[in-house]
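Q: Coordinates for the following, if possible.
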Amino acid sequence: MANESSTIVQRLWNYCNVLRDDGVSYGDYVEQLTYLLFLKMADEQERELKKKSSIPKELNWQSLLSKDGDELERHYRRILESLGKEKGLLGVIFRKSQNKIQDPAKLKRLVELINAETWVGLDIDVKGEIYEGLLEKNAEDTKSGAGQYFTPRALIKAMVAVMKPKPKMSICDPACGTGGFFLSAHDYLSHNYKLDKEEKEFLKFKTFKGKDIVDAVVRLCAMNLYLHGTGGEESPIESSDSLAAEPSEHFDMVLTNPPFGKKSAVTIVNGEGKAEKEALVYERPDFWATTSNKQLNFLQHVKSLLKINGRAAIVVPDNVLFEGGAGETVRRKLLAECDVHTLLRLPTGISYAQGVKANVLFFDRKPASEKSWTEKLWIYDLRTNKHFTLKTSTLKLDDLQDFITCYNPDNRHERKESKRFKCFTYDELVQRDKASLDIFWLKDESLEDAANLPDPDVIANEIAENLGAALEQFRGITEERDRQFANGIVFPRRT
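A: Numbers count the residues shown, from 1 in each chain. The predicted structure is shown next:
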């Protein structure tokens, strides 16, 4: 299965190299593949499986095959424009779609390449692996910035393994990217439970709900789920700003890795006609603190998305653990109103989105209570003395196996401390400066043993990430100060 999918991925990817000479980027290529693959599969399902297609006959795959040259290019543009106006999954896949392959001969070659495969005959896992392989290759292209939407699959699998989703649970990702959490949860449910007919229907149509603010990413996610046999005519994914309003729907579980590195902002035009970025602050009654810090807003939003006793696993950058002001307010409220039970400190060098040190925070939403819900926070340090890179030393599921064991997902109330796994009480946490959760205890061996330094590329990568994280923190301080100044808060001058 793996060989079959990797061969097709390589064949499709090799053609991308030809198109790059014409200025077609990796991301544009995967996007065009998405459009064409969808049309081809809809055609196969109609002809081979006798399934009624929602695509009009004059816009279907067969209509493309009969055309060539400029006529093909014009017709392809017409297909994209027309299907982008449709409702449901069709509209999500083709929303704001454009033809990025201007050479009709190369477009014809790509159509022939896809037509040579019988996609409906491939196993669902193979089709899924092919598309996931293309998405990962796209994420590896650091210039495109696509890596920020692609969470390392080993980390996702570990998060799902300890969260242990159950049949007929509703699962949300408010920053779904290309859908990695959904697919891993789908795989976990399919392989760990003998699902009855009703549970299979629920898994296919009702389990997952996601949003992302970027149309192109929503398209890739919807297609990814479609190829994995999830969802129907209506897409479980929508393109919108998750933070814009208080959620109207609540979920049993939230699994998410929100975007890092930038404050929420909106473009405005000033009096001189110049475009400027202005910090976007979300005023929501369900939020504990009002801030332009996107990560703090997502953390608050995830709490709001959960049903009472619902469970969350969210990737957060280090600044969420120690930042003052709104950060301290959010942490103290979270510790009091939710059961914040586990924190995984992630190593550097594992993410395509460079410059941010990250963690995974696990917590359960609880009903109102006079007593604080958090009793103990268990922290697993996978960062100190751990060195990974995106190419030569990638993070694998085996690297997270000790964390999974220590988490003890079958009964997390029976845990044991170890060298990397320590427990801190609620009182210890709230007595720390700003209720900081940025806690570490292991000695960095590389600082003590110069002869045992990691490879130069690992050191360079860690320096780059440290600098990137520091710059982001300084930028955040400056933006918050500017916002407060604009709101009439005057800072005392130093004398």
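Q: switch to C-alpha atoms for all contacts and neighbour counts from now on
A: Noted.
Q: so the residue most central in space within the chain, which of the three states?
A: Nearest to the geometric centre of the chain sits residue 177, at 4.1 Å (Cα atoms, centre = their mean). Reducing the assignment to helix, strand or coil with DSSP: H, G, I helix; E, B strand; the rest coil, the entry for residue 177 is coil.
Q: what do you get for residue 254?
A: For residue 254, the secondary structure call by three-state DSSP comes out as strand.
Q: Please list all residues in contact with it.
A: The neighbourhood of residue 254, defined by Cα atoms under 8 Å, 6 or more residues apart in numbering, consists of 171, 172, 173, 302, 305, 306, 311, 312, 313, 314.
Q: What's the mean pLDDT across the helix or strand encompassing the last one?
A: In this case it means residue 314. Take DSSP states H and E as the rule and residue 314 turns out to sit in strand 306-317. Across strand 306-317, the average pLDDT comes to 97.
Q: starting at the chain centroid, how far to it?
A: Between the mean C-alpha location of strand 306-317 and the chain-wide mean there is a distance of 14 Å, by Cα atoms, centre = their mean, to the nearest Å.
Q: which residues are contacting that strand?
A: For strand 306-317, contacts defined as Cα under 8 Å, 6+ apart pick out 159, 163, 250-258, 260, 295, 299, 302-303, 356-367.
Q: Mind checking which of the residues you listed are in strands?
A: Counted as lying in strands by DSSP state E, out of these, are 251-256, 358-365.
Q: gap between the nearest residue to residue 386 once chain neighbours are set aside and residue 289?
A: Taking Cα to Cα, 6 or more residues apart in numbering, and ignoring the residues beside it in sequence, residue 386 has residue 347 as its nearest neighbour in space, at 6.3 Å. Here the distance between residue 347 and residue 289 works out to 29 Å (Cα to Cα, to the nearest Å).
Q: Residue 167 too?
A: Separation of residue 167 from residue 289 (Cα to Cα) stands at 35 Å.
Q: if we can go back for a sec, put together CSV for the contacts of residue 254, with distance to residue 31 and neighbour count on each row.
A: Supplementary listing: these in CSV, determined by distance: Cα to Cα, whole Å; neighbours: other Cα atoms under 10 Å:
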residue, distance to residue 31, neighbour count
171, 26, 24
172, 24, 28
173, 22, 28
302, 29, 27
305, 30, 24
306, 33, 24
311, 34, 26
312, 31, 27
313, 29, 22
314, 28, 20
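Q: Show me what counts as buried in stretch 372-383.
A: For stretch 372-383, the buried set under the neighbour-count rule, 16 or more other Cα atoms under 10 Å, comprises 372, 373, 374, 376, 377, 378, 379, 380, 381, 382, 383.
Q: Quick check: of those residues, which lies closest to residue 43?
A: Compare each of the buried residues of stretch 372-383 with residue 43 using Cα to Cα and the shortest gap goes to residue 382, at 47.5 Å.
Q: hang on, that closest one packs against residue 350?
A: No - counting by Cα atoms under 8 Å, residue 382 does not reach residue 350; the two are 11.5 Å apart.
Q: Distance check, residue 127 against residue 196.
A: With the distance defined as Cα to Cα, residue 127 ends up 24 Å from residue 196.
Q: isn't residue 363 right next to residue 342, touching?
A: Yes - under the criterion of Cα under 8 Å, residue 363 is in contact with residue 342, at a separation of 7.0 Å.
Q: How is the protein divided into domains?
A: Domain ranges of the chain: 2-132, 145-457, per automatic domain parsing.
Q: Any chance of the ones you listed in a markdown table with distance to residue 138 as columns?
A: As requested, those are exported to a markdown table (distance: least, Cα to Cα, whole Å):
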| stretch | distance to residue 138 |
| --- | --- |
| domain 2-132 | 6 |
| domain 145-457 | 6 |
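Q: Tell me which of the ones you listed sits most buried.
A: domain 145-457 (a mean of 19; mean count of other Cα atoms under 10 Å).
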